[in-house]
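Peer 1: how does the following fold in three dimensions:
(chains A and B)
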Amino acid sequence: MSTVVSDVRLARQLVRGSDRREWWRLALTAAGAALATGFALAAVALASVPSGFTVSVFHGLASQPGTRSGVIAGLLLVLVPVLAFLGQCTRIGAVHRDRRLAALRLAGATPWQVRRIAALETGLACLVGSAVATVFSVLLLLRLWNGPTALTWAGIALVAVGVPVLGAAAGALALRRVVASPLGWVRRVAPRTGRGPGTLFLCGLVLLAAVAPLAMSSGHSAGDRVHWQGPLTVFSLVVALGAGAVWLAGATARFTGRLLAERAGTAAPLLAAERLRDDPYAPARTHAAVLVVTVAGTAFLCIRHAMLTELRTREWHLGADMAYYTTGLDLTAAAVLVALAITLCGLAVGTAESLTTRRRALAAQVAAGVPRTVLNRALLLETALPLAPALLLAGVGGMAVGTWYSSLTGDGSLPWTALLVAPAVYGSCLLAAATALPLLGRSVRPGELRYV
Amino acid sequence: MTNGDTTGNAAQPLLASRGLVKAHGRTEALRGASVELRAGEILAVTGASGSGKSTLLHCLAGIVRPDAGSVTYAGRRLEELPEKRLSELRRTDFGVVFQFGQLIPELTALDNVALPLMLAGAGRVEARARAGEWLERFGVRGQEELRPGAMSGGQAQRASLARALVTGPKVVFADEPTGALDSLSAEQVMTALAHTARESGTAVLLVTHDAQVAAYADREVRLRDGAVAPLGVTA
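Peer 2: Residues are numbered from 1 along each chain as shown, chains lettered A, B, ... in the order given. Modelled structure (predicted):
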């Protein structure tokens, strides 16, 4: 116990004494934890609502057990980019803290102790974010619901504790590829390859192929019983989709890098292409989230169009108010937009992080006369080059899903706005990456040359 | 090698500073430093840690602007030039070599050396061909397609020298170029730098705290507390 207390004290001292914008990392981590806690608490509260209880929000959408499950599933899916963002924030510190970790090792800390201190730094930030979100969520819940059940409180407590624990684990995991030697070197243990995401993608597909038929057959014969096959199918689908997107993003970056590195005739594309070729999986997780949001956004617009067309033709025969149905669509649209916003924040944070990691090398380039405009262009191209083909594929994928749905339900017409999703997301990504340009200006200051 | 002679003589200096003052926050790194560098000359700037050597080099290379004083290069006052022009000057007339970090880790040695030529407008094929010649001259033959991380410290530093000299600069600024190398690699790097500089008539401003490295210079100035120490005064 005393070891943990002393580690907490040391972690606090290190953060307080840091001059490397650690507070930004902590603030972003706390914000990510607050978002994750908020969405998870909303899902937990809805899941614990007893049957027959009327939820006064969303035009009764959350009152019906069937649609309530859909809302809960939507909230849990939004949690995926939120957790990815949280993971991104925890990784900001992983390379930043190199000198500090090396100094700790030199002072006698074991590798495990170093990881524990890093985990505590992140966990404490998550605890603050989680506590703030829990307080606000509970106050809101008590306004909407007079008597939350014991299950609700248990779920709230679990989320409030679980998010900081998850954050701390992510903080420790962020260092798994980094070994701090007492001599002050910090190196990546092994280059990132696409093997991990590729294997996970295949595992997800195998699991999906195994459980999906079971889920479909149990769905036909189901009564009111809840079957395990359904959630497992959704889980395997999410795993396959997420890992597949990471693999696709990395593979596209590697392909684009290889293709352009050989053909680049000017400095900026050469710098961007070689960086992509060297470490194609560095931005893959963020880019994967962009791809998933693009597929979801494109498909959603098509599905929404088909559903609204169908609803309008049967408006007089509907069993409920039209708002009941449109609220569901609006909530889904809001979830897609929230996911996009969080993903763009993750992209901006990731770009800034990559600059901070390279600040000394960048400062040396500028000192050697490399114009800042070249570095600015190279930075934007690092995002623009791999995302262009990947988003094209994502847009085509989303349109395929939408076309399939439209052919099943409606007249087969597609909204032209769906075609704009991929270009709009592409433009937004470039803007998100461009938010790091002012930081690039600061990173290349000659003062950075003084840090060894 | 002569020691401490910082005032002009018959030859017009290529690069000169007068009364340079530069502070980093509350710490005054330079307090009126004046040095001159003549064309084709190798000048060593020595001094203890914190004496202002690197700051002097940064000011002379136009990387940082001094708080007071002036830097004149080929008759032009550097502090009056806009950042864009300074950047261009560092690309065309100056070459810089640091202890480490100037090679881009994602580029091969060949592309690293070709980069300044590409920035100057050369095509990639032509730039790579010329870069290859320079790498060969510095004994990095056969390592052209390696990335800096896969090269030894000495090889990487010789590639850095090739990169600094490939555009045919008038002045090379070298900040502790052998600071991270073993004695044998340091000797190879310094021999290559001194030989090439003398052959091409390039002036070199060499910042070092190593007396053996300073011995490669034609002349030495010693900094103490941000100013050039008078003759006979050790740092």
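Peer 1: quick check: buried residues in stretch A:26-38?
Peer 2: Taking 16 or more other CB atoms under 10 Å in any protein chain shown as the neighbour-count basis, stretch A:26-38 is seen to contain the buried residues A:26, A:28-38. Using the backbone N, CA and C atoms, a C-beta is placed for each residue, glycine as well.
Peer 1: ok, stretch A:232-250 next?
Peer 2: With burial defined by 16+ other CB under 10 Å, the residues of stretch A:232-250 counted as buried are A:232-234, A:236-250.
Peer 1: kindly report the residues of the stretch 351-452 of chain A close to chain B.
Peer 2: For the stretch 351-452 of chain A, the residues found near chain B under the criterion CB under 8 Å from any CB of the partner chain are A:360-361, A:364-372, A:374, A:446-447, A:449-450, A:452.
Peer 1: TSV please, covering the buried residues of stretch A:26-38 and showing secondary structure, pLDDT and distance to residue A:72.
Peer 2: What follows is the buried residues of stretch A:26-38, written out as TSV (DSSP: H, G, I helix; E, B strand; the rest coil; pLDDT from 0 to 100; distance: CB to CB, whole Å):
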residue	secondary structure	pLDDT	distance to residue A:72
A:26	helix	82	31
A:28	helix	86	27
A:29	helix	87	26
A:30	helix	91	25
A:31	helix	91	23
A:32	helix	89	21
A:33	helix	92	21
A:34	helix	94	20
A:35	helix	91	17
A:36	helix	91	15
A:37	helix	94	16
A:38	helix	92	14
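Peer 1: relative to residue B:76, which of those is nearest.
Peer 2: residue A:28 (45.5 Å; CB to CB).
Peer 1: double-check the closest one against residue A:89; I have them as touching.
Peer 2: Yes - in this structure, residue A:28 is within contact of residue A:89 by CB atoms under 8 Å, at 4.3 Å.
Peer 1: need the overlap of contacts for those two.
Peer 2: When contacts are counted by CB atoms under 8 Å, 6 or more residues apart in numbering or on different chains, the set common to residue A:28 and residue A:89 consists of residue A:349.
Peer 1: out of the buried residues of stretch A:26-38, who's nearest chain B?
Peer 2: The shortest separation between chain B and any of those is 24.8 Å, and it belongs to residue A:26 (by CB to the nearest CB).
Peer 1: what about residue B:209, distance to residue B:29?
Peer 2: For residue B:209, the distance to residue B:29 under the criterion CB to CB, to the nearest Å works out to 15 Å.
Peer 1: which helix or strand in the chain has the lowest average pLDDT?
Peer 2: Went with chain A since none was named. Least confident helix or strand of chain A, by mean pLDDT, DSSP states H and E, is strand A:186-188 with a mean of 46.
Peer 1: give me the phi and psi for residue A:283.
Peer 2: For residue A:283, the backbone dihedrals are phi -100, psi 10 (criterion: degrees, to the nearest 10).
Peer 1: take the residues of the stretch 351-452 of chain A next to chain B and keep only those in helices.
Peer 2: Among these, the members falling in helices are A:360-361, A:364-367, A:372, A:374 (criterion: DSSP state H).
Peer 1: out of those residues, who's the most crowded?
Peer 2: Taking other CB atoms under 10 Å in any protein chain shown to define a neighbour, the member of those with the most is residue A:367, carrying 27 neighbours.
Peer 1: list the residues that contact whichever residue of chain A sits closest to chain B.
Peer 2: The nearest approach of chain A to chain B comes at residue A:369, 3.2 Å away (CB to the nearest CB). Contact analysis of residue A:369 by CB under 8 Å, 6+ apart lists B:87-92, B:94, B:96, B:116, B:119.
Peer 1: now stretch A:127-141: buried residues?
Peer 2: The neighbour-count check on stretch A:127-141 (16+ other CB under 10 Å) flags A:127-134, A:137-138, A:141 as buried.
Peer 1: same question, stretch B:164-173
Peer 2: Across stretch B:164-173, burial judged by 16+ other CB under 10 Å covers B:164-167, B:169-173.
Peer 1: just give me how far it sits from the chain centre.
Peer 2: A distance of 8 Å separates the C-alpha centroid of stretch B:164-173 from that of its chain, computed with CA atoms, centre = their mean, to the nearest Å.
Peer 1: so where do the strands sit in chain B?
Peer 2: Along chain B, counting by DSSP state E, strands occupy B:2-3, B:15-24, B:27-33, B:36-37, B:42-47, B:68-73, B:76-77, B:94-97, B:171-175, B:203-207, B:219-224, B:227-228.
Peer 1: nearest to chain A, out of the ones you listed?
Peer 2: strand B:94-97 (4.9 Å).
Peer 1: which residues does the closest one contact?
Peer 2: Applying CB under 8 Å, 6+ apart, the set of residues contacting strand B:94-97 is A:364, A:367-369, B:61-63, B:90, B:102, B:157, B:160-161, B:163-165, B:167, B:169-175, B:177, B:193, B:202.
Peer 1: rerun that using 7 Å as the cut-off
Peer 2: Residues from elsewhere that reach strand B:94-97, judged by CB atoms under 7 Å, 6 or more residues apart in numbering or on different chains: A:367-368, B:61, B:90, B:102, B:160-161, B:164-165, B:167, B:169, B:171-174, B:177.
Peer 1: redo the strands of chain B as JSON lines? Include distance to residue A:259 and mean pLDDT.
Peer 2: Written out in JSON lines, the entries for the strands of chain B read as follows (distance: least, CB to CB, whole Å; pLDDT from 0 to 100):
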{"stretch": "strand B:2-3", "distance to residue A:259": "56", "mean pLDDT": "50"}
{"stretch": "strand B:15-24", "distance to residue A:259": "44", "mean pLDDT": "92"}
{"stretch": "strand B:27-33", "distance to residue A:259": "47", "mean pLDDT": "90"}
{"stretch": "strand B:36-37", "distance to residue A:259": "46", "mean pLDDT": "94"}
{"stretch": "strand B:42-47", "distance to residue A:259": "45", "mean pLDDT": "93"}
{"stretch": "strand B:68-73", "distance to residue A:259": "42", "mean pLDDT": "94"}
{"stretch": "strand B:76-77", "distance to residue A:259": "43", "mean pLDDT": "91"}
{"stretch": "strand B:94-97", "distance to residue A:259": "32", "mean pLDDT": "90"}
{"stretch": "strand B:171-175", "distance to residue A:259": "36", "mean pLDDT": "93"}
{"stretch": "strand B:203-207", "distance to residue A:259": "41", "mean pLDDT": "94"}
{"stretch": "strand B:219-224", "distance to residue A:259": "50", "mean pLDDT": "92"}
{"stretch": "strand B:227-228", "distance to residue A:259": "54", "mean pLDDT": "88"}
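Peer 1: in the sheet, who's paired with the residue nearest the centre of chain B?
Peer 2: Centre of chain B computed as the mean C-alpha position; nearest residue by CA atoms, centre = their mean is residue B:173, 1.1 Å away. Beta bridges link residue B:173 to residue B:96, residue B:205 when assigned by DSSP bridges.
Peer 1: tell me who's in contact with it.
Peer 2: With contact set as CB under 7 Å, 6+ apart, residue B:173 has these partners: B:57, B:60-61, B:94, B:96, B:205.
Peer 1: go again with 6 Å.
Peer 2: B:57, B:61, B:96, B:205 (CB atoms under 6 Å, 6 or more residues apart in numbering or on different chains).
Peer 1: filter the residues you listed to the buried ones?
Peer 2: Neighbour counting over these (16+ other CB under 10 Å) leaves B:57, B:61, B:96, B:205 as the buried ones.
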